[in-house]
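Colleague: need coordinates for the below:
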Amino acid sequence: MQLLPRSFNRWIGRLCDSNDSQASRLVACLLLVWEAIFCGLVIWKIPYTEIDWVAYMEQVEAFLQGERDYTKIEGQSGPIVYPAGFLYVFTGIHKLTGGGDIHAGQIFFYAVYLVNLSIVFEFYIRSKCVPPWALVMLTLSKRIHSIFLLRLFNDCIAMLVANVAILLLLCTRVTSSIVVFSMAVSIKMNVLLMAPPVLAIVLMSERVIAALVGVVLGVVLQIGLAMPFLMEHPGQYLSRAFEFSRVFLYKWTVNWKFLPEGVFLSKPFAISLLAAHIGGVFLLSHFEWMKTTGGCYATVARFLSKTPQPRTSNPKFVLWAVFTGNFLGILFSRSLHYQFYSWYFFSIPFLLWQTTFPTPLRIVLFLAIETSWNVFPATEWSSFMLLAAHGFMLWGALRKGAPQPFSSLGREVKLVHKRE
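Modeller: Modelled structure (predicted):
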């Protein structure tokens, strides 16, 4: 009679142990099976909602018909506002889906969702950052399922490619990671929010040749993808593909609805957010990401020195830096639309467990964020609740501080160089 309770208690203990990679992997596999079934049911039972898919396909068709003037590549929901990589990726999707068949598109995005979720699970398993049971939180968002399966936004593709780049960075494949990050940026520019922490990680790793090769290849990739447009209409391409001055409509904002429309649209407000973001990036870089290597200036000097010391980054630190840097951009974003939730949803459990908050409070914050994103249209209270939850979560993660940046192997390498 005692065997069952002991076995049960042992499994409960394992499910609550962040260091139990085997339990985490088992939970992840079970959740992937469940999601494969559940997502199939979502596509089968819930009607698709048209927002941008038809526009994507119309933009691709204009490109395939030979149009190279970016100001003339348009769809039913407006002109193209993404870099050239978007067109190449969605040209492939256009062909795979028989010219843009919606049902075929949903099946393609079903695969994108499951592959992306698999990669995210690998992040969490490698970093040992949350207890195995908390992986369930990564599958609980109604809005995320809608974005991937019922809306088919290009944000999903961009974040999948960005997550592949993060996984390569976890594997210390610096050159490949930078090139894949460049590809993600060419699909949608929001991935640039990850650039500062990625740069910090690369500088701290002191893998000079790998970094320089990656940067050169990343730039070559961007130029190569854009070349058909740059050769004929360079100004039009640069103004549309990298339109940093774009102003979003107040009616679609999720995060600033508690502000008057005049304030939201004002230039001083936009400049204040940009200044806060830039200042926050510098403070995080100097006092958190590169704290153990002496701050920004010392880290750059060591990277450029004649005797760099290649080091292996701790997976938890890599995710902490990338996720906090990306989330800082979310916090100070000029506007968040519903599909933008995919930019950071999968980092929320990680950030919550990088605080010292009790687990019930972590769950409350998770539910507050999810609830805010499911209010349509956004209201004053939903926007304010979202901002408050965002700010409190980031404060909690920064208050606890960054994890150890280097693995034991990296420390051993450093010690060996010191002895020599």
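Colleague: average pLDDT for stretch 257-265?
Modeller: For stretch 257-265, mean pLDDT is 95.
Colleague: now it: buried residues?
Modeller: For stretch 257-265, burial by neighbour count (16 or more other Cβ atoms under 10 Å) applies to 257-259, 264. Any C-beta I mention is one placed from the backbone N, CA and C, and that applies to glycine too.
Colleague: from the centroid of the protein, which residue is nearest?
Modeller: Geometric centre of the chain, nearest residue: residue 343, 4.4 Å, by Cα atoms, centre = their mean.
Colleague: I'd say that one and residue 326 touch.
Modeller: Yes: under the criterion of Cβ atoms under 8 Å, residue 343 makes contact with residue 326 at 6.9 Å.
Colleague: which residues do the two both contact?
Modeller: Both residue 343 and residue 326 are in contact with residue 193, where contact means Cβ atoms under 8 Å, 6 or more residues apart in numbering.
Colleague: what residue ranges in this protein score low on pLDDT?
Modeller: Within the chain, the segments meeting pLDDT under 70 span 1-4, 306, 308, 408-420.
Colleague: can you pull the contacts of the nearest residue to the residue nearest to the centre of the chain once chain neighbours are set aside?
Modeller: Leaving out its chain neighbours, the residue that sits closest to residue 343 by Cβ to Cβ, 6 or more residues apart in numbering is residue 190, at 5.5 Å. Residue 190 sits next to 155, 158, 329, 340, 343 when contact means Cβ under 8 Å, 6+ apart.
Colleague: which of those has the most neighbours?
Modeller: Tallying neighbours with other Cβ atoms under 10 Å puts residue 158 at the head of these, with 25 neighbours.
Colleague: so who does that residue touch?
Modeller: 184, 187-188, 190-191.
Colleague: follow-up on the earlier one: list the residues that contact the residue nearest to the centre of the chain.
Modeller: Residues near residue 343 by Cβ under 8 Å, 6+ apart: 155, 159, 190, 193, 326, 330.
Colleague: how about the helices in the stretch 51-200 of the chain?
Modeller: According to DSSP state H, counting those that start in this stretch, the stretch 51-200 of the chain carries its helices in the segments 53-64, 84-96, 102-127, 142-145, 154-170, 174-187, 195-205.
Colleague: which positions in the shortest one come out as buried?
Modeller: Spelled out, it's helix 142-145. So, applying 16+ other Cβ under 10 Å, buried residues of helix 142-145: 143-145.
Colleague: tell me the phi and psi of residue 283?
Modeller: Backbone dihedrals for residue 283, given as degrees, to the nearest 10, come out at phi -60, psi -40.
Colleague: ok, back up a step: between the buried residues of helix 142-145, which sits nearest residue 98?
Modeller: The shortest approach to residue 98 among the buried residues of helix 142-145 belongs to residue 145, at 24.5 Å (Cβ to Cβ).
Colleague: hang on, residue 372 packs against residue 388?
Modeller: No: using Cβ under 8 Å as the test, residue 372 is too far from residue 388 to be in contact (9.4 Å).
Colleague: neighbour count winner among the two?
Modeller: A count of neighbours by other Cβ under 10 Å puts residue 372 above the other of residue 372 and residue 388, at 25 against 14.
Colleague: dump the residue contacts of that one.
Modeller: Contacts of residue 372 by Cβ under 8 Å, 6+ apart are 254, 378, 382-383, 385-386, 389.
Colleague: rerun at 7 Å
Modeller: Going by Cβ atoms under 7 Å, 6 or more residues apart in numbering, residue 372 touches 382, 385-386.
Colleague: same check, this time on residue 98
Modeller: By Cβ under 7 Å, 6+ apart, the contact set of residue 98 is residue 104.
Colleague: what's the distance between it and residue 255?
Modeller: Between residue 98 and residue 255 the distance is 38 Å, computed by Cβ to Cβ, to the nearest Å.
Colleague: residue 391 too?
Modeller: Residue 391 sits 11 Å away from residue 255, going by Cβ to Cβ.
Colleague: neighbour-wise, give me the winner out of the contacts of residue 372.
Modeller: Taking other Cβ under 10 Å as the neighbour criterion, residue 386 ranks highest of the contacts of residue 372 with 24 neighbours.
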